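Novice: Mind folding the following:
(chains A and B)
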Amino acid sequence: MTVTHALARWSRASNRRRALEVAARGAPWLAAAVAATWAAVEYGGAMVAGIVGGAAGIAIVIGATFAMRRVWRVPATMARAVDRDQGTADLLQSAYAIEARGPSADAPLEQVVVTQARAALPRFAPSAVAPIRFTLSAPGAAAALAGAVLVFLVAATEHGSQTAIAEPVAPTQVTIVDEEELARLQELVDAIANDLRASPEARAEAKKASEALKRAAKASTAGTAMAEMSKASRALDAAARKLAADAMPSPEGMAAMSLPQLAEELARATKESDAEKLAALAREAMRRASMSPEEAAALGAALEKAAAAAAKAAQDGQNGQNGASGAQDPAAKAAHEEMMRRLSKLGAAGERMKAGDNNDAEQALRALQRLMREQPKPSSGDGSQDKAEQARRMMAQMQAGQRAMMNGANPGDARAQAQRAAAMGQQGQPGQQGQMMGQGQMPGMGQMPGQGQMPGNGQMPGSGQMPGSGQMPGNGQMPGNPGPPTGGQPSGQGQMPPGGTPPSSRINPGAPRPDQIGVISGHGAAGTSGTSSHTPHKAGSPTAFSAEQVTAPTAVTPEGAVRAIAELTAGAHTPTGFGRVRDHYEAIAEAAIRRDDIPLTRRELIQRYFTVLRNHESPEVQ
Amino acid sequence: MTNSAPDTAADLPTPLLTETPPDEGAVAAASSALRAVLAELGTVVLGQEMLCKEVVLGLFAGGNVLIEGAPGLGKTLLVRTLADVVDVTASRIQFTPYLMPADITGTQVLMRDAEGRSTLEFRAGPLFAILVLADEIIRATPKTQSAVLEAMQEHSVTVAGARHILEDPFCVIATQNNIEMEGTYPLPEAQLDRFLLKTVVGSPTLEVLRAIGVATTGDRVMKARRVMDRPTLRGIQRLVRQIVIAPHVADAAARMTMATHPGQAGAPEKVTRYVRFGASPRAMQALLLAGRASALTAGRAWVGVEDLHAVAHPVLRHRMILGFDATLDGITTDSLIASVIQSVS
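Specialist: Just a heads-up that it's a prediction; the model follows:
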């Protein structure tokens, strides 16, 4: 074996062993890098983790490369190392150089050198390649220790946050959910779920809500109970939407109606103040009227007749009630008068249609629809829709109470606050909302703060689609976006107080815009979208926020705002529309806050502004 | 001029007069012979192993040696003993300021033959020896010094226009006293460069001094045996020049030479600061020659970098011209050579 071959073989063996040693010395650094990357993922996100991991990886690769360069062997350096270790005074180096060049004939001693080197190879071989030694350098040990500490800290923080989330916010408050109220709510929801007249989809949603309520009843912590209530609220809203959609006549059904039937349905919708239904039927009516003048005239006559018949029937019914009771309830009287007014307008529209003036008839129907949107819809009290609306109000009240209690109020005060909020159409008091108890929902995202959805708050029953009109305005979840309650008007819960002037809505049945505010129906304020002293950034320690987007309601309809201002300037009474305006503005401000459009230092100021406004309003304004 | 002859015929090693290419055996024989010379020298010249080694290296490398040391340290004894050991003729020249060149080179003498005719006959001077001890060379005038230096360089002397070749191998071992420098003519650097090695003789230790006193004042006369003949000497000198030098060794010698020059790449900071002029290319030749001799003395057929390190001091110490700062700061050439070796390593 030549010296060159031996040196090459020893070099390869040495390089393999040194590579293993470098890899072993790099393991602690790799572990530290992994720990740092994991921490970056946890606290900084994917991009930060990518930067940290990439930088650490590059540093490790560079360090390993330099380490390998120091110990990398080629035959020449291998010869030098062996000569040094064996004390052979450059024998192998000289022999390697001679073999590489080839012995010279003029230098006979070169062959002697090569011979001596080859003879010494067996003696050198056993110790030529240094054995593998796995050593841990001080910096490597420090890096491994740092990585372990980092892993421990991250894990402890996660566990602590999870523990914090899991723990009830108010451990002293044992009763978060009023069992009696919950039972009544459960009963309502179960009735909806078992109502065979409702569509399967609505019943399925009601069933979801029922199961969520059952879990809420069994919840051991406030956070869990509120989360389940929120789920129940969402499911209930979905059920209410589906029920409202079920109640709407289908396009095919409307097309199959005769003119008298169509007129009767219009009269019924007018009587019930069902604006969405009226809009759908009105569209069909205008379609029919546009077909021919004869059709228009016949339909107009039918409308007149149907309106008159309904008015007469209503009057007869009212007279009968007055006669039996002996006194007329002012609220009932006002409602009756409103109904008669609506029927009168319907008859006027029919009259115009009969006269051939379809445009005027259409305008009259639109005006009627606007009027109906501003008026509360009377509740029949028996149907699933009514039950759903009632359940939603109860749900909102319960959730408001929960928040009040979790904010430190005693149960009595919490209930009073919840009832007051319900009466005012509010869902929770300022400062109580936005308490994100780990519910994963941002306040004011069209939902009860942290809870779900306010009744009539964006997720409006009947806020499905008008036939042929695409998205009803007010679809989706709009913060502070009350819709017309489809239920009745029980005792001012979420209702416009009797006599209150409903703010106008600017819903144009013919041109719905998805970003439009739903109906500002004059009952209750727009759901407060978290006018709390806490921004989501100051909220508890939620680990996740809802992914739902806030669709900022657009400005209050000019009409509504103009009316409010006009009423203010008239000075005759406190403008009732102001509450709607304020709620819309508040919702817009909240939406802007959620989008981080408003600096942190200003957000609380804005929220306090609306809180002050709310607190100074007299009840009758709202 | 003293003709030395062996008193006893020692067992001489295998002669190296063979014309066949040298082999490992020849290297071993030469190494053995050199060690025998050193050992024999050590029996007479006590306590001067390094001096003996460097002088032997210089002789077998075919160069001249400059010895610097105080009087009475055995410089003359060493030369005479060496002559006895290697069976060469030796002469001693005591340089004085009034010594003329003809006194050392020889001169032509007018002779009358039997018939009464006058002829000029060349009478060789003390330079006509193989081993010449030029004692206190700096005391002679430059004119006389130049006669010696010519002999060192040319291996010949020119007298009256006639060139007389000196017998080979010719080696001058010059001495100088570093104490009494007044009234002397220090050798110029260009001439110092002709000496292969410059060795510095240190004072003996207490034990060595005691041994010297006992050995030299007794009844017994210390005499070295002849352990090498002249053909062997010549053979070893030829073998020295055949010792293998690997490229990396030659590179190391070149870098060491370059490192003695201030401002050159690789020169240490001390060299740049204290050295005025660095070593000439003769220094590299001297390094390699002396390195070869050192390797052969160690029994190796190849030169290692450690051989260069071993001969760096005697080779370079008289070839670096220091600046005045070195004198002020007490910097010696030996310390600078050590920094050169470290920088190259």
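
Novice: A:A31 and B:R194, how far apart?
Specialist: Remark: distance between A:A31 and B:R194 (C-beta to C-beta, to the nearest Å) = 67 Å. The C-beta positions use only the backbone N, C-alpha and C, and glycine is treated the same way.

Novice: More neighbours: these two, which one.
Specialist: Higher neighbour count among A:A31 and B:R194: B:R194, with 20 against 17, using other C-beta atoms under 10 Å in any protein chain shown.

Novice: My read is that the more buried one contacts B:L149, right?
Specialist: Yes: with contact defined as C-beta atoms under 8 Å, B:R194 reaches B:L149; the gap is 6.1 Å.

Novice: A:P599: neighbour count?
Specialist: With other C-beta under 10 Å as criterion, A:P599 counts 9.

Novice: separation between it and A:I593?
Specialist: 10 Å.

Novice: Same check on A:S127?
Specialist: 75 Å.

Novice: Between those two, point out the one with more neighbours.
Specialist: For A:S127 versus A:I593, the count of surrounding residues by other C-beta under 10 Å is larger for A:I593: 28 against 11.

Novice: what about that one, distance to A:R602?
Specialist: Note on A:I593: its distance to A:R602, by C-beta to C-beta, is 9 Å.

Novice: Neighbours of A:E99, how many?
Specialist: Using other C-beta under 10 Å, A:E99 has 20 other residues around it.

Novice: What strand or helix carries it?
Specialist: Following DSSP states H and E, one finds A:E99 within helix A:91-101.

Novice: That helix and chain B in contact?
Specialist: Yes: part of helix A:91-101 sits close enough to chain B to count as contact by C-beta under 8 Å from any C-beta of the partner chain, namely A:91, A:93-94, A:97-98.

Novice: Not counting sequence-adjacent ones, nearest residue to A:A238?
Specialist: Using C-beta to C-beta, 6 or more residues apart in numbering or on different chains and skipping residues adjacent in sequence, the residue nearest A:A238 is A:E205, 4.2 Å away.

Novice: Let me see the residues that make contact with whichever helix or strand that neighbour is part of.
Specialist: Using DSSP H and E, A:E205 sits in helix A:200-218. Contacts of helix A:200-218 with the rest of the structure, by C-beta atoms under 8 Å, 6 or more residues apart in numbering or on different chains, involve A:177, A:179, A:182, A:185-186, A:189-190, A:192-195, A:198, A:224-225, A:228-229, A:231-233, A:235-236, A:238-239, A:242-243, A:246, A:384, A:388, A:391.

Novice: Do you have the helices of the stretch 251-400 of chain A handy? List them.
Specialist: Secondary structure of the stretch 251-400 of chain A (DSSP state H, counting those that start in this stretch): helices located at A:251-256, A:259-272, A:275-289, A:293-325, A:330-354, A:358-374, A:384-406.

Novice: The stretch 151-300 of chain B now?
Specialist: Using DSSP H, counting those that start in this stretch, the helices found in the stretch 151-300 of chain B span residues B:189-192, B:206-216, B:230-240, B:247-259, B:269-274, B:281-297.

Novice: Identify whichever of these lies nearest to chain A.
Specialist: With C-beta to the nearest C-beta, the closest approach to chain A among the helices of the stretch 151-300 of chain B belongs to helix B:247-259: 5.3 Å.

Novice: check whether the closest one contacts chain A.
Specialist: Yes: using C-beta under 8 Å from any C-beta, we find that helix B:247-259 touches chain A at B:247-249.

Novice: Now do that helix: distance to the chain's middle.
Specialist: 23 Å (C-alpha atoms, centre = their mean, to the nearest Å).

Novice: Counting by contacts, list what the longest helix along chain A packs against.
Specialist: In chain A, taking DSSP state H as the definition, the longest helix is helix A:3-71. Applying 3 or more C-beta pairs under 8 Å, 6 or more residues apart in numbering or on different chains; DSSP states H and E, one finds that helix A:3-71 contacts helix A:75-86, helix A:91-101, helix A:108-128, helix A:138-166.

Novice: Could you single out the most deeply buried of these?
Specialist: Greatest average neighbour count among the helices and strands packed on helix A:3-71 goes to helix A:91-101 (a mean of 24), per mean count of other C-beta atoms under 10 Å in any protein chain shown.

Novice: now the angle from that helix to helix B:247-259?
Specialist: 110 degrees (axes from the mean of the first three to the mean of the last three C-alpha atoms, to 10 degrees).

Novice: got the angle between helix A:91-101 and helix A:3-71?
Specialist: 110 degrees.

Novice: could you give the mean pLDDT of helix A:91-101?
Specialist: Helix A:91-101 shows a mean pLDDT of 92 in the predicted model.

Novice: Does it pack against any helices or strands, and if so which?
Specialist: helix A:3-71, helix A:75-86, helix A:108-128, helix B:247-259, strand B:302-303.

Novice: between the helices and strands packed on helix A:3-71, which one is nearest to A:M254?
Specialist: helix A:138-166 (50.6 Å; C-beta to C-beta).

Novice: which ones are touching A:D357?
Specialist: Contacts of A:D357 (C-beta under 8 Å, 6+ apart): none.

Novice: Try it again at 10 Å.
Specialist: Contact criterion C-beta atoms under 10 Å, 6 or more residues apart in numbering or on different chains gives A:296, A:300, A:349, A:351, A:363-364 as the residues in contact with A:D357.

Novice: One more: A:A105?
Specialist: Here A:A105 is in contact with A:111, B:21 (C-beta under 10 Å, 6+ apart).

Novice: and what of A:S94?
Specialist: So A:S94 contacts A:3, A:79, A:83, A:88, A:110, A:113-114, A:116-117, B:244-249, B:300-304 (C-beta under 10 Å, 6+ apart).

Novice: how about the nearest residue to the residue of the stretch 201-345 of chain B found nearest chain A, chain neighbours excluded?
Specialist: Nearest to chain A in the stretch 201-345 of chain B, going by C-beta to the nearest C-beta, is B:G304, at a distance of 3.2 Å. Excluding the flanking residues, the one nearest B:G304 by C-beta to C-beta, 6+ apart is A:A89, at 3.2 Å.
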